[in-house]
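K.L.:
based on what follows, work out the 3D shape:
(2 chains)
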Protein chains: 2
Amino acid sequence: MGNTDYDCPHRVAIPPTKPFFKALSSSLKETFFPDDPFRQIKNQTSVSRKFLLGLQYFVPILEWAPRYTFGFFKADLIAGITIASLAVPQGISYANLANLPPIIGLYSSFVPPLVYAMLGSSRDLAVGTVAVGSLLISSMLGKEVSPTENPKLYVQLALTATFFAGVFQAALGFLRLGFVVDFLSHATIVGFMSGAATVVCLQQLKGVLGLVRFTHETDLMSVMHSIFSQTHQWRWESGVLGCCFIFFLMLTRYLSKKKKAFFWINAMAPLTSVILGSLLVYLTHAERHGVQVIGHLKKGLNPLSVSELTFEPPYLSTVIKTGIVIGIIGLAEGVAVGRSFATFKNYHIDGNKEMTAFGMMNIAGSCTSCYLTAGPFSRTAVNFNAGCKTAVSNIVMATAVMVTLLFLTPLFHYTPLVVLSSIIIVAMLGLIDYESAIHLWKIDKLDFFVCIGAYLGVVFASVEVGLVIAVTISLLRLLLFIARPRTIVLGNINNSMIYRSIDQYPDANNVPGVLILQIDSPIYFANANYLRERISRWIYEEEDKLKSRGETSLQYVILDISSVGSIDTSGISMLEEMRKNVDRKGLKLVLANPRSEVIKKLEKSKLIEAIGQEWIYLTVGEAVAACNFMMHTGKPNIAPEAELNRQDDNV
Amino acid sequence: MGNTDYDCPHRVAIPPTKPFFKALSSSLKETFFPDDPFRQIKNQTSVSRKFLLGLQYFVPILEWAPRYTFGFFKADLIAGITIASLAVPQGISYANLANLPPIIGLYSSFVPPLVYAMLGSSRDLAVGTVAVGSLLISSMLGKEVSPTENPKLYVQLALTATFFAGVFQAALGFLRLGFVVDFLSHATIVGFMSGAATVVCLQQLKGVLGLVRFTHETDLMSVMHSIFSQTHQWRWESGVLGCCFIFFLMLTRYLSKKKKAFFWINAMAPLTSVILGSLLVYLTHAERHGVQVIGHLKKGLNPLSVSELTFEPPYLSTVIKTGIVIGIIGLAEGVAVGRSFATFKNYHIDGNKEMTAFGMMNIAGSCTSCYLTAGPFSRTAVNFNAGCKTAVSNIVMATAVMVTLLFLTPLFHYTPLVVLSSIIIVAMLGLIDYESAIHLWKIDKLDFFVCIGAYLGVVFASVEVGLVIAVTISLLRLLLFIARPRTIVLGNINNSMIYRSIDQYPDANNVPGVLILQIDSPIYFANANYLRERISRWIYEEEDKLKSRGETSLQYVILDISSVGSIDTSGISMLEEMRKNVDRKGLKLVLANPRSEVIKKLEKSKLIEAIGQEWIYLTVGEAVAACNFMMHTGKPNIAPEAELNRQDDNV
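P.N.:
Next up, the predicted model:
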C-alpha cells in the first residue's frame, strides 16, 4: 500500500483477519511462551547442536559448568560453608517447628540442594527448609494425625505432601502456568509472610518457656490461652537461656547491619549459639533442670523413603490439599527471592524453569526422607553476602551437611531446644516487614488492605484463611477494574492540538458543541451496561450544563477508544445501542482511534456502516477538526487542503 | 496556572492528591450510583417537593399516572386482554412444568402483575411465570422432595424459594448491586436459554406421549432413557392430538411472521387451542382413552400463604440456593427483555429499580400463593405488538385473570394436558436462538464457546452446571485479559507525526535507534512479571534485528502508557526494575503520557526522580522528537524553538 492510502485525514486501517487457527496459535504462544524460551534452538541448523542446547535448557548446569573457574570455586566454597553453618541449626529448628524428627531437617539440606544445583537457574538461591512451609505442614496435617500419638504416620503424610507439592510445582513449570504464582501479589506475600512469622514466633514461646503440652492451633487466641493457662509449667531456666540467646542473635544482626565487616559474626551466630548452648547444657546438666534437649540423632545419610509415601483414601485429600498449598507458597517465596537477587546481579531467571527445578527437588526429596524445601530468604541473603558465584555453593553446603550427618550428629545430643527456638524467633522477626506495609499504604491503599487482610487472617484465623482473604480481595480488585472502568472527559491543551483529561490537566479547554469521552478499559459484558449508563449520564449532564450557561448546544459526541484493547459481543451491541440513543438525541457519534481488534469486530458486526466510515478518525484531533468543519460550514467533511494542514497537528 | 505552564514540550501534570476519604467516597459513588439517580431531587429546594420526587422515584406509577390518558387506556385494554388470553394457558402449563398444582399458575398471574405495575419502570414488560424458572424449581426442589409423594411440602418449598428469590432480588436492587447480573453475559444467556428451552421441550414429550411415570432428571440421557424404556406406555391418542396442536400453533406463528395483520391469530392461538382441546375432550370423552386432563380447579382468588413459608433446617439450604438461582435467572431474563423493548421505544430502564420491583413482586407473590414470576419474553413481545402503552396492560391482565379465577375455572376441567404441552413446546422452540449463536461465532469466537458451553452444560448435565460453566469461562476471559495484556510496537505513520501499531498499520515506519512500546492494560500484580519478560524480549529481539541488519543500534525505549489506566505496587516495582535493566543495557527509558493515577504513584514512589522528570513526555511524538534531538546533537533536550514547532505536531 502506498502513500495515497494514508492521505489525511488518516484512515483507520482494518487489518486483514487472520485464519482462526493461526490467530489461536499465536495468542496461545503469547500466553504460554512470552519469553520465547527456545529461540536459540530454533536458529540452529545441526541436530546435535539443537539437542545439546535443548539439554542445556533443561539442565542449566551443563550450560555454565564449562565456564566454571577456580576463582568462582573459592568464592562458592566460603559461601557454601557459611550457609552450611546456618543450614544445620535451621534445619533442626524448622523440622522441630513442623513437628518432624530433627534428623529429617538435616536430611532436607542434603539431597534437594544437589538437585537444585543441577536444574535451578538462580546463582544465589540457597536451598533449604522454610519456616512458613514447616508451619503449614504442622497446622494442616496436625489436624488429621497427631505427631505425638502417631509419629510414623505423621512423617509419612509429611513426605507424601512434599511429593505432591513437588509434582504440582513441576507440573506448573512444564505446563508453563507460571502466572498462577503471579496471582499472589507482592502485597499478599508481604502480609502473609509477616503473619506467618508472627505465628511462628508465638509457637516458639513453647520452646522458650519450656512447655511440654501445647495447642495444635496456630491462631493468636488459642496460643495465648494455652500459654497463660499453664503459667505454673513455665521453666525459668529455659526462659532465661532463651532470652540470652535471643539478645545475642539480635545483637549480632544489629552489628552486621551497622558495619558490613561484622557480616560474618551474624552469619556464624546461629552455629555459635548452638555450640555454646550445647556446651552449657553438657557442663551444667541443665537437661535435668527442665531444659529440653534434642537428644539422640542417628548417624548416616538419608534413607530411601519411596515406600513411606502413602496414598490411602482417608488422608489422601488432606495430603493433596496440603501439598498444593505448601507447593504454591514455596514457589511464591522461592521465585520472588530468586528474582530479587537476580536483579541485583543483573541476570535473568526463568520462572517456569525455576518451578520445574523446585518440583524436581521436592519429588527427589520426598523419596529420600526430606520434607518441603524452597529458597528461604534469610539463607539466600547470607549466601549472597558471603559472595557466592554459582549454585556450587549449594553443593558445598550439601557436602558439609553430609559430613555432619556422617560424623557430627552426636554433638547435637545436648543442644537445647530453647536455642533452636531463639534462632527461629530471631529469623522470623526479620520477616515481619512493617516498612513494606507502610510503603504499600503510601502508594496504594488497596494493596495495603490486601496485605493487612492477609496478616490478620493468618494471625487470628489460620494460614489458609489469610491466604484466601488476600487472594479474594486482589481478584475482586481486578474484576472491579473491568466492571467499573472510568470514562474521562477530554479537553484541548493550550497552544497545541493535544487532547487530555480535564481532571489531570485543569486548564484543558472543552471544544464548544463537542463532548469528548475516553473509555478506559476493554468493553466486555461485565461493564457494557455500566458504560451505557455512565456515558448517557455524561451526555445529559453536558447538555444541562450548556443549557444553563446558554452556550452552543451539543452536536457531536467523540468516543476516544484508544485504550479499548478488546471488545466482546455485549460491547458491540452496547455501542450499537449508544449510537441509536445518540442519534435520537439529534447528536452524532464519532469514534477516534479504534484498535485493530475493535475495528475488526466493528466491521464484522456491520457497525461501521451504521456509524459511517467517515465518522471514524485516527486521532481525537482529526475528529474534532472534522466536527468543527461541519459545524462551521455545514458541508460534509471532504477535508480540503486547509483542513488537512490543521488536522495534521492533532492528537 | 497560565499559558507558560504549558509550553512545549507539554509537561505531564501531576494532579493534586485528593484526601483519602474524598477519593474513596467519589469512587464509591462511581461504583454504585453511575446513573446518579437522585439528581432531580438534589436540585429541589422545598422539602415537600423533595419528598414527592422521592416517592415518585420509588413508586414510578405516581410519576406517570397523572399523565395517563383515555387514549392510552384503550391501547392498554386491548393489549391487556391479549396477554391475559396467553396468561391463562401459559400459567397452567408452566405450573405443570414446575410440578405445581395448575391453579398456582393462575394465581401467579394475578397479584405480581399488580405489584409490578406500581413499582416497575418498564412500560412493555408483561409479568408472568417463566418456563426456565419453573424448570429450575422442579429440578432443584424435586431432588429434595418428591412432588408426587409429598405435594404439600413441595408447594411450601416452592413458595419459600420464591420468597428468598424476591428478598435476594430486592436486596440487589437496594444495595445497588445491579452489576452482579451483568456478569451473566449476553452469550451466557443465549446459550443458557436455548439449553433450557431444549430441556423443557424434551420434558414435554411426557405430556405429548401421555406418559404417567417420568424421570425427575433434566439431562438429555435420562430423559431419552425414560422415554424409550417405556415405549409400550405411549398413548397414540394424545400423541396425535399433540402433533395436531403443535402444527396448528406453529402455523399461526409462521403466518404472523409472514404478515403483521395475522398477529392476532398468533396471539389468540394458545387460548383457541385450549378451548378446542377442551371441547374435543368433552364431546369425545377422550379422557377415558388415555388423554390426561387438568381436572378440577377450585374457584376463588389467591389464598394467603404466609403461613406456608417454611424455614426448617433440613430444607433451608436447598431452598435458599434455589431462591438465589431462580432469582438471578429471573432478573437476567426480565431485565434483558425490559431493556431491549425500552430501546425500541427509546426510554430508559433503571436496572436497580427493576430489581427492587421484581423482588417486591415475588415477596408479595410468595405470601399470596404465587410462585416465581418474571418478565417472560414471549408474553412481553405479544404485549408490545398488541400496542401496550403503559404498565396498565398488566393491571388489565390481572383483572381478566381475576375474573377467570372467580367464575371460569370449571371450564378448564376438560382441558387436555397435551394441549398445554404443545403450547409450551412451541413457545420454547421460539427461544432456541441459533441465529444469535451463529452471530456470536462470526464476531467473537470466545463468546461463542461460552454460549455453547452453557448450552451443552444445560442439556447434558444440568441447568446449574451449564450456568457455572458459562460464568467460569467468562470470568477466566476477564482475568486472562489482565494477566496477559498485549504489548504493541508503534511506528510513525507516513506524512504525519502520528504513532500507531505497526501490526494494524503495516506501513508505519520504525524510528531508527528508538523502540516504541505500548502497554495495553492496567499494570497489576497479575501481569507485572509477564510484562517485564515480554518487554525485555521485545528489546533483545529489536537489538538482534538491528545488529543483523547493521543498522543504528538501539538507544531509547519509549513506553507509551496512555492505556495504563491504573497501576499497583507490583506494577511500580516492575517499572523500577525495568528501568534498572534498561539502564544496564546502556539504553534510556522514556515514558509517554502517564495518566493521573499512574503519575501520582510514580511520584509517590520516587520513580519519577529515578527516571528523570525530563524523560516523561505528554505524547509519543514529543518523546521521539526529544530522542532524535539527543541522538543528533548529543545535547540534553532544551527544546529550542525549532524543536517546538516540530514537536507541536506530534502524537
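K.L.:
what helices and strands are in contact with the longest helix seen in chain A?
P.N.:
Ranked by residue count and defined by DSSP state H, the top helix of chain A is helix A:313-345. Secondary-structure packing of helix A:313-345 (3 or more Cβ pairs under 8 Å, 6 or more residues apart in numbering or on different chains; DSSP states H and E): helix A:131-142, helix A:151-174, helix A:179-182, helix A:186-209, helix A:351-366, helix A:377-385, helix A:463-483, helix B:569-584. C-beta here means a position set from N, CA and C on the backbone, and glycine is covered the same way.
K.L.:
distance to A:Ser421 and mean pLDDT added to those, as TSV?
P.N.:
As requested, those are arranged in TSV below (distance: least, Cβ to Cβ, whole Å; pLDDT from 0 to 100):
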stretch	distance to A:Ser421	mean pLDDT
helix A:131-142	12	88
helix A:151-174	20	94
helix A:179-182	31	76
helix A:186-209	3	86
helix A:351-366	25	92
helix A:377-385	16	85
helix A:463-483	19	84
helix B:569-584	34	89
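K.L.:
need those in JSON lines (columns: mean neighbour count and distance to A:Lys74).
P.N.:
Output for the helices and strands packed on helix A:313-345, formatted as JSON lines (neighbours: other Cβ atoms under 10 Å in any protein chain shown; distance: least, Cβ to Cβ, whole Å):
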{"stretch": "helix A:131-142", "mean neighbour count": "25", "distance to A:Lys74": "31"}
{"stretch": "helix A:151-174", "mean neighbour count": "23", "distance to A:Lys74": "33"}
{"stretch": "helix A:179-182", "mean neighbour count": "19", "distance to A:Lys74": "35"}
{"stretch": "helix A:186-209", "mean neighbour count": "24", "distance to A:Lys74": "34"}
{"stretch": "helix A:351-366", "mean neighbour count": "26", "distance to A:Lys74": "25"}
{"stretch": "helix A:377-385", "mean neighbour count": "23", "distance to A:Lys74": "15"}
{"stretch": "helix A:463-483", "mean neighbour count": "20", "distance to A:Lys74": "41"}
{"stretch": "helix B:569-584", "mean neighbour count": "20", "distance to A:Lys74": "26"}
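K.L.:
which of these sits closest to A:Leu52?
P.N.:
helix A:351-366 (17.1 Å; Cβ to Cβ).
K.L.:
off-centre distance for that closest one?
P.N.:
Put simply, helix A:351-366 sits 17 Å off its chain's centre (Cα atoms, centre = their mean, to the nearest Å).
K.L.:
equivalent analysis for stretch A:253-265, please.
P.N.:
30 Å.
K.L.:
what are the buried residues along that stretch?
P.N.:
By 16 or more other Cβ atoms under 10 Å in any protein chain shown, the buried positions in stretch A:253-265 come out as A:253, A:256, A:263-264.
K.L.:
measure how buried the closest residue to chain B within the stretch 51-200 of chain A is and give me the count.
P.N.:
Per Cβ to the nearest Cβ, A:Ser185 is where the stretch 51-200 of chain A lies closest to chain B, at 3.1 Å. A:Ser185: 27 surrounding residues under other Cβ atoms under 10 Å in any protein chain shown.
K.L.:
so what's it closest to, chain neighbours aside?
P.N.:
Of all residues not flanking A:Ser185 in the chain, B:Phe525 sits nearest, at 3.1 Å (Cβ to Cβ, 6 or more residues apart in numbering or on different chains).
K.L.:
try A:Lys50
P.N.:
A:Gln44 (4.9 Å).
K.L.:
what about that neighbour, distance to A:Phe51?
P.N.:
Look at A:Gln44 and A:Phe51: by Cβ to Cβ, to the nearest Å, they are 9 Å apart.
K.L.:
where does pLDDT dip in chain A?
P.N.:
Residue ranges of chain A with pLDDT under 70: A:1-9, A:634-651.
K.L.:
ranges for the strands of chain A?
P.N.:
A:487-492, A:499-501, A:514-519, A:556-560, A:588-592, A:616-617 (DSSP state E).
K.L.:
and the angle from the fifth one to strand A:556-560?
P.N.:
This points to strand A:588-592. If you take axes from the mean of the first three to the mean of the last three Cα atoms, to 10 degrees, strand A:588-592 sits at 20 degrees to strand A:556-560.
K.L.:
extract the C-alpha trace of stretch A:425-438 and format it as PDB.
P.N.:
In PDB, the C-alpha atoms belonging to stretch A:425-438 read as follows (Å, rounded to 0.1, in the frame of the first residue of the first chain):
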ATOM      1  CA  ILE A 425      12.300 -16.300  66.600                       C
ATOM      2  CA  VAL A 426      15.200 -14.000  65.500                       C
ATOM      3  CA  ALA A 427      15.000 -15.200  61.900                       C
ATOM      4  CA  MET A 428      11.200 -14.700  61.900                       C
ATOM      5  CA  LEU A 429      11.400 -11.200  63.500                       C
ATOM      6  CA  GLY A 430      13.400 -10.300  60.300                       C
ATOM      7  CA  LEU A 431      10.500 -11.400  58.200                       C
ATOM      8  CA  ILE A 432       7.900  -9.100  59.800                       C
ATOM      9  CA  ASP A 433       8.100  -6.400  57.200                       C
ATOM     10  CA  TYR A 434       6.300  -3.400  58.500                       C
ATOM     11  CA  GLU A 435       8.300  -1.000  56.300                       C
ATOM     12  CA  SER A 436       6.700  -2.600  53.200                       C
ATOM     13  CA  ALA A 437       3.300  -2.300  54.800                       C
ATOM     14  CA  ILE A 438       3.800   1.400  55.300                       C
END
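K.L.:
I would like the residues contacting that stretch, please.
P.N.:
A:90, A:131, A:190-191, A:193-194, A:196-198, A:200-201, A:204, A:208, A:246, A:249-250, A:253, A:377-378, A:448, A:451-452, A:455 (Cβ atoms under 8 Å, 6 or more residues apart in numbering or on different chains).
K.L.:
buried residues in that stretch?
P.N.:
A:425-429, A:431-433, A:436-437.
K.L.:
of those, closest to chain B?
P.N.:
Looking across the buried residues of stretch A:425-438 and measuring by Cβ to the nearest Cβ, the closest to chain B is A:Ser436, at 8.7 Å.
K.L.:
picking up where we left off before, buried set for the longest helix of chain A?
P.N.:
For helix A:313-345, using 16+ other Cβ under 10 Å, the buried residues are A:315, A:318-320, A:322-343.
K.L.:
then stretch A:66-74?
P.N.:
For stretch A:66-74, the neighbour count (16+ other Cβ under 10 Å) marks A:72-73 as buried.
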